[in-house]
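Asker: what follows is a predicted protein model with its sequence.
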Amino acid sequence: MSAAGVVIVGAGQAGLQTAASLREAGFADPITVVGDEEALPYQRPPLSKAYLAGKTDAEGLLLRPASYFAEHRIAHRRARATRIDRDARTLGLDDGAVLAYDHLALATGSRNRALPVPGADLPGVYQLRSLADADRLREAIAAAGRAVVVGAGFIGLEFAAVCAGRGLAVTVIEAAERVMARAVSEETSEAFRVAHEAMGVTFRLQAGVVAIEGHGGRAAAVVLADGESIPADLVLVGVGVVPNQELAERAGLAVRDGIEIDAFLATSDPAISAIGDCARFPTRFAAGMSRGDRVRIESVQNAIDQGRCLAARLTGRPSAYDAVPWFWSDQGRHKLQIAGLAETGDGSVVRGSGDAFSVFRFRDGRLCAVESINRPAEHMAARRILALGRALTPAQAAELAFDLKALATAG
């Protein structure tokens, strides 16, 4: 490469991992990471868990200390990228600067979906995506007695568990008929609903929000479609995310629920790649899914692995991205770990019982995903079984005497 080097848009997990992996591979040209937050790059998953619960502080969230950037000659620009000139290979920033690049990596992430109802912009209504969001929520939780969560996905339930643990009365509102409906099996969904209810959380399932009412200039209640009004001192909205693809779209790159990339993480422009939450890519782990074999994955694992994969390609060691997708969620004393990709309609086989079990998901007779609740050893075995494509039957999965570790490690 020439002196322009690599410019990375996005200072989150994917962007910083790319920069770090480039330097680890001996890349000597300039690296610039552009991010629009004042904070140094930090971990986002703990925001809804350990950080809100007061178990870690802002310094404990940092992906790298401030000294790392100077020591590894990585420039960290605090600005927002506004325009890509593909012909000139330049990136325009909102502070007026123009950065030249030899290769541009888009790690622009995603943003929270807005709740399109009256009152959603009232003080006391929160979203959780950034460190600044988490700081505001920490203050709000300390002063609140009643919390209402709109959305029973991972973030909403993690937040509900923190609030319940702090003694707040918590109500979770979900449009679907069960919690985490798009992410997990009915068996896992039911187990977590029961676990949350044991913590004191109340659910309103198959319920639509039509308004947020205010009192004294702040949110005071959430109004449901059936007319019920649920009092609230704070409201958290967690109704999904949308990819930050507008910068790529304005540049004429292919986008469709994310920036379209190939198996090597390249966009339709060979000088531009995309990674992390914003990227939509092909994977064998989505084979047979109703939405096709191209997915967009929002996970730390995907961000880290794609950052490493891109750095390897840019330093002369190209290989197709083929990492097993995996996820986790801590909710109270329950840890959910998922390996692989499943969807509604895939078969389920339960292994174990009580507060510790796994649900093995099968599609067309083949293992496609495993959801483990408080069974970390089975999660690790599942990741390896899926990576190697080992055959596992539903009967074997259900049999506790069947040695999953042996299957995972067999030569």
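Answerer: Sure thing, it's come through. Numbering: from 1, shown residues only.
Asker: quick one: the strands in the stretch 51-200 of the chain, in order.
Answerer: Assigned strands in the stretch 51-200 of the chain, in chain order: 74-78, 81-85, 90-93, 98-100, 103-106, 110-112, 125-126, 146-150, 169-174 (criterion: DSSP state E, counting those that start in this stretch).
Asker: and of those, who's closest to residue 341?
Answerer: Closest to residue 341 of the strands of the stretch 51-200 of the chain is strand 110-112 (C-beta to C-beta; 17.7 Å). C-beta: built from backbone N, CA, C; applies to glycine.
Asker: in the closest one, which residues are buried?
Answerer: 110, 112 (16 or more other C-beta atoms under 10 Å).
Asker: how about stretch 111-125?
Answerer: So, applying 16+ other C-beta under 10 Å, buried residues of stretch 111-125: 112, 115, 117, 119-120, 122, 124-125.
Asker: and for stretch 365-380?
Answerer: By 16+ other C-beta under 10 Å, the buried positions in stretch 365-380 come out as 367-375, 378-380.
Asker: which residues touch the residue of the chain positioned farthest from its centre?
Answerer: Distance to the chain centre peaks in the chain at residue 216, reaching 35.3 Å (criterion: C-alpha atoms, centre = their mean). The contact partners of residue 216, taken as C-beta atoms under 8 Å, 6 or more residues apart in numbering, number zero.
Asker: who's in contact with residue 341?
Answerer: Counting by C-beta under 8 Å, 6+ apart, residue 341 makes contact with 283, 285-286, 289, 295, 325, 368-369.
Asker: cool, residue 134 as well?
Answerer: Residues in contact with residue 134 (C-beta under 8 Å, 6+ apart) are 47-48, 51-52, 128.
Asker: and if you look at residue 119?
Answerer: Contacts of residue 119 (C-beta under 8 Å, 6+ apart): 125, 211-214, 219.
Asker: leaving aside the residues next to it on the chain, what's closest to it?
Answerer: Nearest in space to residue 119, with sequence neighbours left out and distances taken as C-beta to C-beta, 6 or more residues apart in numbering, is residue 212 at 3.3 Å.
Asker: check what pLDDT residue 81 gets.
Answerer: Note on residue 81: pLDDT of 98.
Asker: no no, residue 176
Answerer: pLDDT recorded at residue 176 is 97.
Asker: how many neighbours does it have?
Answerer: Residue 176 has 15 neighbouring residues, counting by other C-beta atoms under 10 Å.
Asker: pick the most deeply packed of the strands of the stretch 51-200 of the chain.
Answerer: Of all the strands of the stretch 51-200 of the chain, strand 103-106 carries the top mean neighbour count, a mean of 26, counting by mean count of other C-beta atoms under 10 Å.
Asker: which residues sit against that strand?
Answerer: 1, 5-10, 15, 18, 84, 89, 91, 247-248, 259, 267, 271-275, 278-279, 310, 314.
Asker: list only those of these flagged as buried.
Answerer: Neighbour counting with 16+ other C-beta under 10 Å marks 5-10, 15, 18, 84, 89, 91, 247-248, 259, 267, 272-275, 278-279, 310, 314 as buried within the contacts of strand 103-106.
Asker: from those residues, which land in helices?
Answerer: 15, 18, 247-248, 310, 314 (DSSP state H).
Asker: show me the two of the residues you listed that sit farthest apart.
Answerer: Farthest pair in those (C-beta to C-beta) is 247 and 314. Separation: 20.0 Å.
Asker: for the contacts of residue 341, which one is nearest residue 395?
Answerer: Using C-beta to C-beta, residue 368 comes nearest to residue 395 of the contacts of residue 341, at 16.7 Å.
Asker: one step back: wasn't the residue nearest to residue 119 part of a strand?
Answerer: Yes: assessed by DSSP: H, G, I helix; E, B strand; the rest coil, residue 212 belongs to a strand.
Asker: hey, what's it bridged with?
Answerer: residue 222 (DSSP bridges).
Asker: same question, residue 352
Answerer: Residue 352 forms beta bridges with residue 357, as assigned by DSSP bridges.
Asker: surely it meets residue 360?
Answerer: No: using C-beta atoms under 8 Å, residue 352 makes no contact with residue 360, being 10.6 Å away.
Asker: show me this protein divided up by domain.
Answerer: According to automatic domain parsing, the chain comprises the domains 6-111+242-314, 125-239, 342-409.
Asker: any idea how far the closest residue to residue 364 other than its chain neighbours lies from residue 120?
Answerer: Spatial nearest neighbour of residue 364, excluding adjacent residues (C-beta to C-beta, 6+ apart): residue 288 at 5.5 Å. Counting by C-beta to C-beta, to the nearest Å, the separation of residue 288 from residue 120 is 38 Å.
Asker: got it, and residue 387?
Answerer: For residue 387, the distance to residue 120 equals 42 Å [C-beta to C-beta].
Asker: low-confidence ranges in the stretch 251-400 of the chain?
Answerer: Scanning the stretch 251-400 of the chain for pLDDT under 70 picks out nothing.
Asker: all strands of it, in order?
Answerer: For the stretch 251-400 of the chain, applying DSSP E, counting those that start in this stretch gives strands covering 259-260, 272-274, 279-282, 294-295, 326-331, 334-340, 347-353, 356-363, 366-373.
Asker: angle of the last one against strand 334-340?
Answerer: Meaning strand 366-373. On the basis of axes from the mean of the first three to the mean of the last three C-alpha atoms, to 10 degrees, strand 366-373 is oriented at 170 degrees to strand 334-340.
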